[in-house]
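Give me the fold of what follows.
(one chain, ligands or ions: 1)
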Amino acid sequence: MASISGVCSPSSTLRPRRSLLSSKSLRRDTISLPIGPSVRLRHARPPQSIADLSRSTDGTSAAEAPVEKKVGAIEKDPINLWHRYVDWLYQHKELGLYVDVSRIGFTDEFFERMEPLLQKAFRAMQDLEKGAIANPDEGRMVGHYWLRSPKLAPNSFLRLQIDKTLDAICNFADEIISAKIKPPSSPAGRFTQVLSVGIGGSALGPQFVAAALAPDNPPLKIRFIDNTDPAGIDHQIAQLGPELASTLVIVISKSGGTPETRNGLLEVQKAFREAGLNFSKQGVAITQENSLLDNTARIEGWLARFPMFDWVGGRTSEMSAVGLLPAALQGIDINEMLVGASLMDEATRTTVVKNNPAALLALCWYWASDGVGSKDMVVLPYKDSLLLFSRYLQQLVMESLGKEFDLDGNRVNQGLTVYGNKGSTDQHAYIQQLREGVHNFFVTFIEVLRDRPPGHDWELEPGVTCGDYLFGMLQGTRSALYANNRESISVTVQEVNPRSVGALIALYERAVGIYASLVNINAYHQPGVEAGKKAAAEVLALQKRVLAVLNEASCKEPVEPLTIDEIADRCHEPEQIEMIYKIIAHMAANDRALIAEGSCGSPRSIKVFLGECNVDELYV
Ligand SMILES: O=P(O)(O)OC[C@H]1O[C@H](O)[C@H](O)[C@@H](O)[C@@H]1O
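Now for the predicted structure:
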């Protein structure tokens with residue numbers, strides 16, 4: 001039986017070694033770069049209006065300005081570029097992590113102009129880390145940085161909560177892996193699978209980390225239900241087959257009331273009942289204390305419950321129980337993930353912009369997207385195991401930055417679009433457009449220096465390995481894009497391991513926080529998501545009314561088939577007629593005892609009644 005030692009050690013050992021490199025020695029000599037005279041200064045604040053956007057800083061309007069404003073900023077001389085590369089290269093020696101911003105064409109003037117805004121962002125970040133209400137709309141502290149440095153938590157109660165939870169995660173994972181805790185009726189005599197049920201921030205981190213770090217033969221294999229798609233859920237359960245008996249089901253929801261997650265849980269519980277298994281002996285909840293999920297788990301006597309803290313947002317929860325428990329169960333060294341994140345946190349606290357990799361990223365995002373998200377960020381990891389990084393970043397960046405209003409209540413419609421899969425695979429898909437097509441993006445390359453574990457490499461042609469090809473493809477794409485004025489950032493790590501993954505997560509969490517300050521928005525709420533949820537609930541409420549109306553008409557003697565107009569009328573929802581048609585079409589496609597006569601192609605011709613009426617049925 002695999003032991004957990006080395007995977008997860010007690011929280012008291014979570015003390016990252018001090019960087020060998022002091023912040024002073026991280027400082028590089030400055031080589032000033034010759035930048036073309038035609039360079040224009042960028043806005044040092046996000047433009048508030050289209051008029052503002054269309055005016056360049058020298059007072060000329062967009063119509064007078066050159067269409068391709070950046071051409072002047074793109075340095076093409078190879079020796080100057082090399083100087084720029086050396087001058088701006090950020091290196092974290094202990095983490096073996098580099099950030100290269102040389103292929104983003106920001107100017108010295110822009111840098112100087114951003115400096116005060118960045119200093120303001122650093123101060124905001126310091127306040128946040130000290131426990132300020134950094135999420136004013138929700139009146140919440142923002143404490144994900146404390147998870148990897150509990151000593152920084154603003155009070156001893158929070159510190160204790162973090163330490164206690166980490167210890168509990170380690171002990172539980174240890175007992176599951178070592179089969180001290182067994183499933184009640186599995187021939188395997190131990191848990192072999194994890195089924196994680198959760199969505200958004202309660203899924204994306206664990207999915208990314210599993211893909212990046214799970215060993216080939218983990219102590220427990222993981223699979224995910226992250227949607228309310230019945231076919232997707234059936235597929236996951238079918239894939240488990242008889243192993244359902246040895247599956248640990250972890251239900252993750254900060255709020256404990258997310259409908260998709262609740263549905264996933266109900267579907268899994270049904271599968272357990274049908275297999276004659278006792279769900280409560282195999283169920284684990286990760287949620288806020290006293291949430292609906294927490295109460296359900298407590299009342300039903302589930303195997304274990306772990307807390308989600310009010311001051312940790314879903315999209316920054318990877319280093320909480322949300323990410324750490326699934327990781328530990330797969331034999332991933334969660335202590336190393338925390339150390340990597342903590343080291344990166346330390347590095348990104350410096351107020352020297354050039355030495356702060358998160359500030360450099362935020363600066364580049366601002367430059368490349370004009371501080372208004374005018375260009376998309378394409379994230380291209382050249383490593384299969386990092387495939388899900390862009391999907392993870394999509395939520396972290398877009399849910400944090402995509403906001404209608406700034407902190408002063410001005411309508412700004414901010415954001416930064418993120419997409420990407422992996423290189424070199426994408427080279428055979430959409431890189432064509434990046435190189436030559438619409439110029440609406442900048443790229444972030446994620447480079448991993450170590451191709452494969454030592455001792456496994458071989459030359460598939462004289463002097464060249466398979467990994468050399470991957471390297472060549474990355475460098476070639478970077479050069480080819482740059483030659484066509486397409487800007488890029490490169491983030492390099494030595495290898496994909498728990499420490500570097502922890503560091504990457506921390507790097508982007510901080511970059512998002514800093515960028516949010518630069519553009520003056522609240523990065524820690526998501527008011528827009530509520531609108532979709534509310535509308536979805538209204539659709540389901542309308543469906544119940546439609547059913548009630550149909551039931552009444554179908555109970556008549558003779559049955560009274562109704563047109564869509566009549567149903568809308570009787571629901572007192574004439575304006576919802578299109579939605580009512582969609583509800584009918586969806587139910588008809590799913591054998592819901594509903595008979596629709598007429599042609600689906602001409603909605604007005606349809607007449608609907610229920611195959612069975614139920615005089616006692618209450619749909620509303
Ligand atoms: O963890 P939960 O409360 O179930 O929330 C899951 C997700 O739901 C929402 O839609 C939020 O926008 C996300 O930020 C969150 O991660």
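
Every contact and neighbour count from this point should use C-alpha atoms.
Fine.

check contacts around Leu248.
Shown in contact with Leu248 (C-alpha atoms under 8 Å, 6 or more residues apart in numbering): 191-195, 282-284.

ok, of those, which one's closest to Gly532?
Leu195 (26.9 Å; C-alpha to C-alpha).

quick one: that closest one and Ile233 touch, right?
No. Taking contacts as C-alpha atoms under 8 Å, Leu195 lies outside contact range of Ile233: 10.7 Å.

in this structure, what spans have low per-residue confidence?
1-73, 615-620 (pLDDT under 70).

domains in it, as residue ranges please.
Per the TED database, the structural domains of the chain span 78-137+342-525, 146-332, 528-617.

How about the first one and the ligand, any contact?
No. In this structure, domain 78-137+342-525 remains apart from the ligand according to C-alpha under 6 Å from any ligand atom; the gap is never smaller than 7.0 Å.

Could you look up the SS state of the residue nearest to Ser185 when sequence neighbours are not counted?
Spatially, and ignoring its direct neighbours in sequence, Ser185 is nearest to Ala245 (6.3 Å; C-alpha to C-alpha, 6 or more residues apart in numbering). Classification of Ala245 using DSSP: H, G, I helix; E, B strand; the rest coil returns helix.

hang on, the earlier thing: quick check: neighbours shared by Leu195 and Ile233?
With C-alpha under 8 Å, 6+ apart, Leu195 and Ile233 have common neighbours Ile225.

which residue is nearest the centroid of this structure?
Tyr392 (3.0 Å; C-alpha atoms, centre = their mean).

Test my guess that it contacts Leu204.
Yes. When contacts are counted by C-alpha under 8 Å, Tyr392 is listed as touching Leu204 (5.4 Å).

Break down the stretch 151-300 of the chain into its strands, ranges please.
With DSSP state E, counting those that start in this stretch, the ranges of strands along the stretch 151-300 of the chain come out as 193-197, 221-225, 247-253, 283-287.

Which stretches in the stretch 351-500 of the chain count as strands?
376-381, 418-419, 441-448, 459-461, 464-465, 488-493.

picking up where we left off before, in JSON lines, list the strands of the stretch 151-300 of the chain along with distance to Ala483.
Converted to JSON lines, the strands of the stretch 151-300 of the chain look like this (distance: least, C-alpha to C-alpha, whole Å):
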{"stretch": "strand 193-197", "distance to Ala483": "45"}
{"stretch": "strand 221-225", "distance to Ala483": "42"}
{"stretch": "strand 247-253", "distance to Ala483": "46"}
{"stretch": "strand 283-287", "distance to Ala483": "49"}
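
circling back to that earlier point, mind picking the two most distant members of the contacts of Leu248?
Thr192 and Val284 (14.9 Å).

Who has more neighbours out of these two?
Per other C-alpha atoms under 10 Å, whichever of Thr192 and Val284 has more neighbours is Thr192, with 25 against 22.

burial measure for the residue nearest to that one when sequence neighbours are not counted, as a count.
Among residues not flanking Thr192 along the chain, Leu220 sits closest, at 4.7 Å (C-alpha to C-alpha, 6+ apart). Neighbour count for Leu220, taken as other C-alpha under 10 Å: 24.

list the contacts for Leu220?
By C-alpha under 8 Å, 6+ apart, the residues touching Leu220 are 177, 191-194, 329-331.
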